[in-house]
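> what's the 3D shape of this:
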Amino acid sequence: MNINAASMFQELQTQSLEAKGLNNELSTKATNPAPADFSAMLKQAIDNVNGLQQSSSTLRNSFEMGDQNVSLSDVMIASNKSGLAFDATVQVRNKMVEAYKEVMSMPV
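Below is the predicted model:
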């Protein structure tokens, strides 16, 4: 499960450049042939983070109950994956809030 934070960040950068008028139409079409729905990408990323957290919780519970098929390394890897995915999602949210504040402070 991959949250694809890099593509979300690239999409934010592309939109930022377009808003500033620094990105021409040809380069936008070359790098982004099909416009992506940002809200759908964000929902998919959040769903992936949720899935990683649920998987980590399930593995942790199985290990604590003494399941011989689950090793401590599996639990730790799943826990670290879900933690990193959550941290990345929080950073994307922080950048979105920052961008929103910047847009709202622009003079009309």
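
> what is the subsequent helix or strand relative to the helix or strand of the chain with the lowest mean pLDDT?
Considering only helices and strands, the least confidently modelled element of the chain by mean pLDDT, DSSP states H and E is helix 25-31, at a mean of 49. Counting by DSSP states H and E, the element after helix 25-31 in chain order, helix or strand, is helix 38-64.

> okay, angle between the strand or helix carrying residue 87 and helix 38-64 too, please.
When secondary structure is defined by DSSP H and E, residue 87 falls within helix 72-104. Using axes from the mean of the first three to the mean of the last three CA atoms, to 10 degrees, the interaxial angle of helix 72-104 with respect to helix 38-64 works out to 150 degrees.

> tell me the helices and strands packed up against helix 72-104.
When contacts are defined as 3 or more CB pairs under 8 Å, 6 or more residues apart in numbering; DSSP states H and E, helix 72-104 sits against helix 5-20, helix 38-64. C-betas here are computed from N, CA, C, even on glycine.

> now with 6 Å, please.
With contacts defined as 3 or more CB pairs under 6 Å, 6 or more residues apart in numbering; DSSP states H and E, the secondary structure elements packing on helix 72-104 are helix 38-64.

> and the helix it packs on, what does it pack against?
Applying 3+ CB pairs under 6 Å, 6+ apart, one finds that helix 38-64 contacts helix 72-104.
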